[in-house]
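[1] Test case, fold it:
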Amino acid sequence: MQQGQDYNIENSPGLSEKKYKTIGLLIILFALLIRLFDLGERVFHHDESVHASFTLKLLGTGQYRYDPAYHGPFLFHSTAAVFHFLGISDTTARLIPVFFGVAAIFLLFLLKKELGERGVLWSAFLLSFSPSMVYFSRFFRNDLIIVFCTLGTVIGGVRYLEKLHSPKRYPYLILAASSLALAVSSKENAYLIILMFGAYAGIYFPYRFYCDGKRERMSLKRALFLKISAILPFLPEILLSGILFIFIVMLFYTSLFRTQETLFSIVGRAFSHWMAMHRIERIGGPFYFYIPILSVYESPILIFGTAGIFHFLKKKGKNFSFFLFLSYWAVASLLLYSYLQEKVPWLVVHILLPFGILAGAYLGDFFSRAPERKQENLPGIENMSFGTEKKPASGIKRSSTHTLVAGVLAFTLIISLAQCISVNFYRSMEPEELITYSQSSQDIRQLMEKIEGFDDGPETLRISVVDPENLYWPLPWYFRDYEKVEYYTKPPANEEYNAIIVPAAYQMYREIPEEKYASYNFSLRPGKDLTLYYDKNLQKNER
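    Prediction:
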C-alpha cells in the first residue's frame, strides 16, 4: 500500500476475536481496579462534601430543588440509591463516578467499525489510566457522567444513521436520547455540548445536501423535496425519542415527579446562572489554562491525538466523515473550554475524551501498518538495480519513523502512568498538583479521630463552627452524625463551649480560660488554617 493511497482503518490487519476480547476485558478490569483501589482514602473536596450533604438531605427528607450552582439532580438521586443499599461513606459516595468512568471506556468498544480493533484497544488503554480520567472518576462530581453520556450520544447517533433502514436502529436511538437526557440531568455543560454538536450538524448536513444535489444535477427544489420525503418516515420515532428525552429530564428535575418544574424554567435558570458566572469570571484563568494540565499529565493523548487529527484528515477513506467530526469535536472542545471563564481542572476530561479516541485510532492504525510498509520496501533494498537508489532510503525512513513513534509512545506512557499513580495515590492532596484544585487536607482525618475520642458522643457533643465566609466545607459532611453542631459567622456570645472551631487567627483565649480549654491546630485546605478549642474534661487522658 502506498503512503498516499486512501484506505479504511477497518481493513488494517485485525486480531483474533478471542485475543481482542481478552485484551479488552483486561483493560476494563484494569480501569475498574485502579479506580476502586483505596477509593475512600482521599479526604472529601469542598464540592464533594456539598454534593454528599445534598444527597443525604434528599435521602432523609425526599426534598430536592434544582439550583444550577450545584448542577443537575441525577448525581444526587443515583447516589442516594447507593447510600440506601450500600451505606454512607466517602467510598460509596464516589461509586457513581467510578461506574460511569469505567462504563465510558466500555462504550468505546461500540466504535470498532470506525476505529478498528487495535484503535479501540489503544483508545480504551489510554483512557483507562489517564491521570485526569482516573482522578475525576474517583471524585464525587458529575463530569464523568457527562463524559459517558457524550460518548453514548455520539455512538447512538452514528449507529442510528448507519442502520437507518434496519430495525436494529431503535436501540441506538434510545441510547442517544437517554444519554443526552442524563447529560442534561447531570450538569449544565450538556447544553454546551448540544450547541457544539448542533453547530457541526448545522454546517455539515446542509453542505452534504448541497454536494449531493450538485452531483446528481437536480434543482434545489427537487433535491429538497426528495430529502424531506426521505426523512418523513422517521419523524414518528424521532418524536418518540424526544418524548423519552423530556420524560427522563423531568423525572429527575422534579425528583420523581414530586416537585413542580417546567423544562423552560430549568433551561432558563441554567443559562442565566452560568452566563453570569462566565461574565463575572468567578473562577477565571488564562486562555491556555488546560494546556499545562494536558502537557504534564496527558502527553500521550495530547501528542498522538493531535497527530491523529492531521493523519485522518489527510488520509481520506470510508470513515473520513467520522474522523472529520471527531477532529472538530476535539478542537472545538479545547477552544470552547479555554474561552469560558470557569477554569477548573475537572473540565479537562471533556477535552480528553475526543483526543483520547483520536490518539487510540492513530496508534492502532500506525502500528498495524508500519511493519507492512517496511516489508514492501525490503525487496528494493535487497535487489538494488539501476534507477532504484531511492528505495532503500524510503525503507530506512519508514523504519526510523516507526522506531521514533514507538520511542515517543513508550516514553510518554511511562510518564503518564507514573503521573497517574502519583497524583491518585501519593500526591492526591498536594496543592502543587495542577488537577487537585483546593483539595481538603488530610488533617481532617486526624481532627475527626481526636473528636471521636471525646467522652461526649455524636448525640451530646456541642460543636460550634465559626467562619465569617461560611467556607467551612467539608466539615458538615464529616460532622453529619453529630446532632448538636452549629455554624456561625462569628463566635456566639455568652456560651459555654464543649468545642469550638474558629479561624487560626482568632485569639479565643481572650474570651475563654486557657486553663479550661485545650487547642488543636489543623488545616482545612491550603491557605485555610483553623483551630479547635475544646474542654479538657472531654478527654480522659487530659483530665
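
[2] Report the spatially nearest residue to S416, omitting neighbours in sequence.
    Ranked by CB to CB, 6 or more residues apart in numbering and with sequence neighbours excluded, the top spatial neighbour of S416 is P300, at 5.4 Å. In short, each C-beta sits where N, CA and C put it, glycine included.

[3] contacts for whichever strand or helix holds the one you found?
    Secondary-structure element containing P300, defined by DSSP states H and E: helix 299-314. With contact meaning CB atoms under 8 Å, 6 or more residues apart in numbering, helix 299-314 is reached by 126-127, 130, 294-295, 319-320, 323-324, 326-327, 330-331, 352, 354-359, 361-363, 365-366, 408-409, 412-413, 415-416.

[4] Tell me the pLDDT of E511.
    With respect to pLDDT, E511 scores 87.

[5] wait, L378
    37.

[6] Check what pLDDT D455 gets.
    87.

[7] My error: substitute Y70 in the last question.
    Predicted confidence (pLDDT) for Y70: 90.

[8] now the one 3 residues further on
    You'll see P73 listed with a pLDDT of 96.

[9] and it, how many neighbours does it have?
    27 (other CB atoms under 10 Å).

[10] residue contacts, it?
    Contacts of P73 (CB under 8 Å, 6+ apart): Y64, Y66, S185, F252, Y253, S255.

[11] buried residues in stretch 446-465?
    Buried positions in stretch 446-465, judged by neighbour count with 16 or more other CB atoms under 10 Å: L447, K450, I451, F454, D456, P458, L461, R462, I463, S464, V465.

[12] Relative to the whole chain's centre, how far out is it?
    Centroid separation for stretch 446-465 versus its chain: 36 Å, with CA atoms, centre = their mean, to the nearest Å.

[13] so how far does it reach from one end to the other?
    End-to-end distance for stretch 446-465: 17 Å, by CA to CA, to the nearest Å.

[14] Out of the contacts of helix 299-314, which end up buried?
    126-127, 130, 294, 319, 323-324, 326-327, 330, 352, 354-359, 361-363, 365-366, 409, 412, 415-416.

[15] Find the residue ranges of this structure scoring beneath the pLDDT cut-off.
    The chain contains residues with pLDDT under 70 at 1-14, 212-213, 216-217, 219-221, 223, 370-398, 494-495, 540-543.

[16] Nearest residue to the middle of it?
    Taking CA atoms, centre = their mean, the centroid of the chain lies closest to L144, which sits 3.5 Å from it.

[17] Tell me the spacing between that residue and S299.
    Distance from L144 to S299, counting by CB to CB, to the nearest Å: 21 Å.

[18] dump the residue contacts of Y472.
    Contacts of Y472 (CB under 8 Å, 6+ apart): V465, Y487, I501, L524.

[19] who's in contact with the last one?
    Shown here is L524, whose contacts under the criterion CB under 8 Å, 6+ apart are S440, S441, D443, I444, Y472, L475, L530.

[20] Count the neighbours of the first one for me.
    To tie it back to what came earlier, the one meant is S440. Neighbour number of S440 under other CB under 10 Å is 26.

[21] Does it belong to a helix, a strand or coil?
    coil (DSSP: H, G, I helix; E, B strand; the rest coil).

[22] Extract the CA atoms of the helix or strand that contains L29 and return them as PDB.
    Assigned by DSSP H and E, L29 belongs to helix 17-36. Extracted in PDB, the C-alpha atoms of helix 17-36 (Å, rounded to 0.1, in the frame of the first residue of the first chain):
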ATOM      1  CA  GLU A  17     -11.700 -12.400  18.200                       C
ATOM      2  CA  LYS A  18     -10.500 -14.300  21.300                       C
ATOM      3  CA  LYS A  19      -7.400 -12.100  21.700                       C
ATOM      4  CA  TYR A  20      -9.400  -8.900  21.000                       C
ATOM      5  CA  LYS A  21     -12.000  -9.800  23.700                       C
ATOM      6  CA  THR A  22      -9.400 -11.000  26.200                       C
ATOM      7  CA  ILE A  23      -7.300  -7.800  25.900                       C
ATOM      8  CA  GLY A  24     -10.500  -5.700  26.000                       C
ATOM      9  CA  LEU A  25     -11.600  -7.400  29.200                       C
ATOM     10  CA  LEU A  26      -8.200  -7.000  30.800                       C
ATOM     11  CA  ILE A  27      -8.300  -3.200  30.100                       C
ATOM     12  CA  ILE A  28     -11.800  -2.900  31.600                       C
ATOM     13  CA  LEU A  29     -10.800  -4.800  34.700                       C
ATOM     14  CA  PHE A  30      -7.600  -2.700  35.000                       C
ATOM     15  CA  ALA A  31      -9.700   0.500  34.700                       C
ATOM     16  CA  LEU A  32     -12.100  -0.700  37.300                       C
ATOM     17  CA  LEU A  33      -9.400  -1.800  39.800                       C
ATOM     18  CA  ILE A  34      -7.400   1.400  39.500                       C
ATOM     19  CA  ARG A  35     -10.500   3.500  40.200                       C
ATOM     20  CA  LEU A  36     -11.700   1.400  43.100                       C
END
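
[23] check contacts around the closest residue in space to I435 that isn't next to it in sequence.
    In space, and not counting its chain neighbours, I435 is closest to P345: 4.2 Å by CB to CB, 6+ apart. For P345, the contact set (CB under 8 Å, 6+ apart) comprises S132, I293, L434, I435, T436, Y437.

[24] So which of the residues you listed wins on neighbours?
    S132 leads the contacts of P345 on contacts (other CB under 10 Å) with 29 neighbours.

[25] Next one: the spatially closest residue to it that is not a sequence neighbour from F479, what distance?
    In space, and not counting its chain neighbours, S132 is closest to V348: 5.2 Å by CB to CB, 6+ apart. V348 sits 32 Å away from F479, going by CB to CB.

[26] Of those two, which one has the most company?
    A direct count of neighbours by other CB under 10 Å for V348 and F479 places V348 higher, at 27 against 20.
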